[in-house]
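**Student:** Got a predicted structure here, sequence first:
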Amino acid sequence: MSAFAVAERTADAAADAFARAEGPRGGLAACLFAAAHAAPQRTALRDSGDRAGWCGRPPIVWTYAAAAEIVGRLARGIGGWRLPAGSRIGLWFSGGAEAALAHLAVETAGHLPCAMPASWDDEQLAAGIETAGLVGVLTEGRRGERRPAENLTRAAMRQFNLRYLAAFGPGVPDGVISLDAMALERGVAAPGPSLGLVTFEGGEPDRPVYRPAAALAAAIAAHLDALPLTADERILTLLPAHDLRGLVTGLGAALTVGAGLETVIPFDEAGFRAALLRPVPTRLVAPARIEPALAALPLPWTVRALNVVHRAPAHLRATPGFAAPQRLDSLTLGEEAVITRPGLRDLAATLAFPDRAPLPRALLALARGADGSLAYRGPACAVAPLHRGDVPEPDADTWRETGRPVLLAQGDPDNAAG
């Protein structure tokens, strides 16, 4: 029997176990466990598209109780590695429910999750492991034509501090721990205090950035302030959760309110169309670069809101003929901040006149320089570069400057990165 079947069969027992736990103490895993107790049969995670062709297993629908059970089992297995509390463990996934489960399991085990872009090649992977000081990495056996677990075994030959490799799915080579087998083991770990997370600025392996749990929670709260999400909705996202924009607009937002998260990664049109037609109130999250393509696709009545995510510097331009019942536009400033407003005009006005904008200033305050650059401070952008030594203590009160305009003029190239 697979780990996933076991999860569904033990959902009720899991809910009882979480009810007896010490209770949430911060972090995304605590949100998961709390929702598993309050609404165990609500859908938490769902995969879309041709997952069987992509990673060797079919799409899976996870209730909150089942997801929390598996996270607790994985965390117990990771705890058996006897690593010091707060060890840095990499997450190298293309996206989907398994990426979320791995992130939450590392957090529950009391370690620091480090999200790495799936597009890295062997050299970038080795550099990221070295720079971030990782002692373990969780990944997947298959990723389309790639074999990430095999890539990791080669990286481990060059990184002597990399002690534990683990992977979901088929194609797990010798020397790599099977996370599927780990999830079959009995016993769960209750969530401990979250240590935050690590992402990589610009996806560059030599630029890891540390964000405390409180800063991630503040960034999510500031994002949701523009248009609150409800637990009866789902987030349908086209963004992977390996950077701040994907985590805040996707997994973080969903778990914070106990909503569902459905990922369409990798993108395929048939899978996306099928996901859109599910009769569930939906918030669609998409990168700005594909907005023109979305404009040609009629959105069903279930899409309550569209969240278009831009990267600074960006050219904020409405797509002709494209409409949604409600719209959010988010501008990401590297791995430091996410600024979300209800629509393009509101976002542009906020960036041009931040002193007049109705922002949640206790979380994220903005100021504009004479040269068009932006400065920001607050708990939502309290981050610091990560070094191999001690974990830094980011300062939320210091103004941070972009150093350049965040908006492109009419004659500049479009924001191709989206």
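**Tutor:** The structure has been received and is ready for your questions.
**Student:** where does this structure dip in pLDDT?
**Tutor:** For the chain, residues meeting the criterion pLDDT under 70 lie at 1-25, 320-323, 409-418.
**Student:** which strands and helices sit next to the longest helix belonging to it?
**Tutor:** With DSSP state H setting the assignment, residue counts place helix 64-79 as the longest helix in the chain. Applying 3 or more CB pairs under 8 Å, 6 or more residues apart in numbering; DSSP states H and E, one finds that helix 64-79 contacts helix 3-9, helix 11-19, helix 28-38, strand 43-47, helix 97-108, helix 179-184. All C-beta spots, glycine's among them, are computed from the backbone N, C-alpha and C.
**Student:** Tell me the helices and strands packed up against the last one.
**Tutor:** If I follow you right, that is helix 179-184. With contacts defined as 3+ CB pairs under 8 Å, 6+ apart, helix 179-184 has these neighbours: helix 3-9, helix 64-79, strand 164-168.
**Student:** Any chance of TSV for the ones you listed, columns mean neighbour count?
**Tutor:** Shown next, in TSV, are the helices and strands packed on helix 179-184 (neighbours: other CB atoms under 10 Å):
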stretch	mean neighbour count
helix 3-9	17
helix 64-79	27
strand 164-168	24
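**Student:** between these, which gets nearest to S373?
**Tutor:** Of all those, it is helix 64-79 that lies closest to S373, at 41.1 Å by CB to CB.
**Student:** wait, what's in contact with R158?
**Tutor:** Applying CB atoms under 8 Å, 6 or more residues apart in numbering, we find R158 in contact with A126.
**Student:** Surely S330 and T340 touch.
**Tutor:** Yes - applying CB atoms under 8 Å, one finds S330 in contact with T340, separated by 4.3 Å.
**Student:** Settle it for me: which of the two has more neighbours?
**Tutor:** Per other CB atoms under 10 Å, whichever of S330 and T340 has more neighbours is T340, with 26 against 21.
**Student:** In contact with the more buried one, which residues?
**Tutor:** 222-223, 225-227, 249, 307, 328-331, 347 are the contacts of T340 under CB under 8 Å, 6+ apart.
**Student:** repeat for P205
**Tutor:** Going by CB under 8 Å, 6+ apart, P205 touches 116, 120, 124-125, 127-128, 131.
**Student:** Same list, the residues you listed, but as CSV with secondary structure and neighbour count please.
**Tutor:** As requested, the contacts of P205 are exported to CSV (DSSP: H, G, I helix; E, B strand; the rest coil; neighbours: other CB atoms under 10 Å):
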residue, secondary structure, neighbour count
M116, strand, 26
W120, coil, 21
Q124, helix, 17
L125, helix, 24
A127, helix, 17
G128, helix, 26
T131, helix, 17
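**Student:** quick revisit: the inter-axis angle of the longest helix of the chain versus strand 164-168?
**Tutor:** 150 degrees (axes from the mean of the first three to the mean of the last three CA atoms, to 10 degrees).
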